[in-house]
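[1] Provided below for reference: sequence and predicted model.
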Amino acid sequence: MKTATFGAGCFWKVEDAFRGVKGVESTSVGYMGGHFPNPSYLDVLSRITGHAEVAQLQYNPNVVSYSELLDIFWLIHDPTQLNRQGADRGEQYRSVIFYHSRQQEMTARASKQKLQQSGKFSQEIVTQIEPASEYYLAKESDQQYLAKKRMKDSEKSNK
């Protein structure tokens, strides 16, 4: 198993986009890239910690490649938006790839450059590519939030 960590706006959406990908064995949401130890959601929301909301994946590289995960990452958000995605605003919603190895770093940088040169975006891609740092797991109620919500909504509609 290998680890990949991506920030692309609200971590619920990012995690949900990767949960059904064949080869992604598990997902979680949390915070990375800041300077404040063991931050809570409110700490991160206050913009004092420097953390980004991220989804962390455990994946089988024999089934899904890191490049394929990057392709999904680029599709699920607008990488030209600085510190925001949709209505979400603040550095915690920044577009960021946290790499866990030199190979991931090189692959991420090449992928970003290729996308920028493709002309798909008229603006510069502002996605940061940084070494992975301490990962702080968000509270249990945030884990697989959208999947749980869909299940709950489905149960309500079946009553």
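    In hand now; what should we look at?
[2] Need the contact partners of the lowest-mean-pLDDT helix or strand in the chain.
    Lowest on mean pLDDT, DSSP states H and E among the helices and strands of the chain sits helix 145-157, with a mean of 79. Helix 145-157 is touched from outside by 12, 13, 15, 16, 19, 29, with contacts defined as Cβ atoms under 8 Å, 6 or more residues apart in numbering. Glycine gets a C-beta too; all of them are placed from N, C-alpha and C.
[3] Tell me which helix or strand the fourth one sits in.
    Right, residue 16. helix 11-19 (DSSP states H and E).
[4] which other helices and strands contact the very next helix or strand once past that helix?
    Note on helix 11-19: by DSSP H and E, the next helix or strand toward the C-terminus is strand 24-32. Where contact means 3 or more Cβ pairs under 8 Å, 6 or more residues apart in numbering; DSSP states H and E, strand 24-32 is packed against helix 11-19, strand 52-59, strand 136-137.
[5] before we move on, back to that, possible to save the contacts of helix 145-157 as JSON lines with neighbour count and distance to residue 155?
    Listed next are these as JSON lines, based on neighbours: other Cβ atoms under 10 Å; distance: Cβ to Cβ, whole Å:
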{"residue": "12", "neighbour count": "20", "distance to residue 155": "19"}
{"residue": "13", "neighbour count": "19", "distance to residue 155": "22"}
{"residue": "15", "neighbour count": "27", "distance to residue 155": "21"}
{"residue": "16", "neighbour count": "20", "distance to residue 155": "18"}
{"residue": "19", "neighbour count": "15", "distance to residue 155": "19"}
{"residue": "29", "neighbour count": "22", "distance to residue 155": "23"}
